[in-house]
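**Student:** generate coordinates for the sequence data below:
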Amino acid sequence: MKPGQKLVHDDHEVCLFPMETMNITQWSSPTAESHCCGHPFDNAINGQVRVPVYAPFSCHLCYSDNQGNTRAYSSDNPVWTPNGLSYVTVSFTHDPNPPAATQYKQGDLIYHTGTAGMATGDHCHIDQTFTQNAGLVYYGVTCRYGNQCYALSGSELPNNVFYVNDNIYELGLTEVETPMGNKVRVYDIERCICDIIRSKKRMDSEYVKYSIREYIKRKDKDLVKLSSYANKMGIKEEVMNYIEVFYE
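**Tutor:** Okay, the predicted model is just below:
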């Protein structure tokens, strides 16, 4: 979402992804370094620090602690999510100097990325739940990184909670015909390359390299389009660096 952005449907706000660019650098899983319980994730913008985070809905502070300066905010009213209308609580961690207000309107600056607490680089650790006024709870396990694992009570998968901006969702969408003659919507090759590079930490490195090499061999590649997509997704420098390395 963008600063000041508001989105309302049928008199209820829509729960928006709280940053302008989605660039998830770590998911949660039982084998994750530091996200081995619940469904939190890290979002970071390559080469940028103190990246703004915005209120995904009108909300109030419901939890805070000094371990990484976690702040949790619960929606004032039910909001639209991909799972329907529900109250939502979202938490943010690692801002070294989080804003002090306790009430926010949708689109207000609410947090920043940072390195407070157990952080290996500038990012925002985000968690989300359908539990109203939720706080962090200890899940009784220690992650591989060595930290005791805390997550929001009822931590939920982010794709069940947030909507992303239409300008990113529609980026590179095209229509193709299947062998059976059906029309389906898919992302074009330039968008796929951007998504692969953006998600490289969750993929086998050889697959990432193979995908880029094969793209560069294509006669129909469009490097101008690739650069434009990467710029809109906030990963232009990273994408262009990969292309330069593998371009022969």
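
**Student:** list of residues touching the longest helix along the chain?
**Tutor:** Determined from DSSP state H, the single longest helix within the chain is helix 205-217. Identification of contacts with helix 205-217 by Cβ atoms under 8 Å, 6 or more residues apart in numbering yields I189, C192, I193, I196, I197, K200, K221, Y242, I243, F246, Y247, E248. Every residue, glycine included, has its C-beta placed from N, CA and C.

**Student:** what about those residues, which one has the most neighbours?
**Tutor:** For those, the largest neighbour count, defined by other Cβ atoms under 10 Å, is 25 neighbours, found at I193.

**Student:** distance of the closest residue to that one other than its chain neighbours relative to D42?
**Tutor:** Counting by Cβ to Cβ, 6 or more residues apart in numbering, the nearest residue to I193 once its immediate chain neighbours are dropped is Y215, at 5.3 Å. Applying Cβ to Cβ, to the nearest Å, the value for Y215 to D42 is 27 Å.

**Student:** when these two are compared, which one has more neighbours?
**Tutor:** Taking other Cβ under 10 Å, Y215 and D42 do not tie; D42 has more neighbours (23 against 19).

**Student:** next up, the contacts around the nearest residue to the more buried one once chain neighbours are set aside.
**Tutor:** Using Cβ to Cβ, 6+ apart and skipping residues adjacent in sequence, the residue nearest D42 is Q26, 4.3 Å away. Counting by Cβ under 8 Å, 6+ apart, Q26 touches A32, E33, S34, H35, F41, D42, K201.

**Student:** so where's the protein shaky on pLDDT?
**Tutor:** Applying pLDDT under 70 to the chain picks out residues 165-167, 169, 202, 248.

**Student:** again, 80 this time
**Tutor:** Applying pLDDT under 80 to the chain flags residues 32-34, 46, 144-148, 164-170, 178-185, 199-203, 234, 247-248.

**Student:** which positions within stretch 150-170 qualify as buried?
**Tutor:** When neighbours are counted by 16 or more other Cβ atoms under 10 Å, the buried residues of stretch 150-170 are found to be Y150, A151, L152, S153, S155, E156, P158, V161, F162, Y163, N165, I168.

**Student:** next one: stretch 119-139
**Tutor:** 119, 122-131, 134-137.
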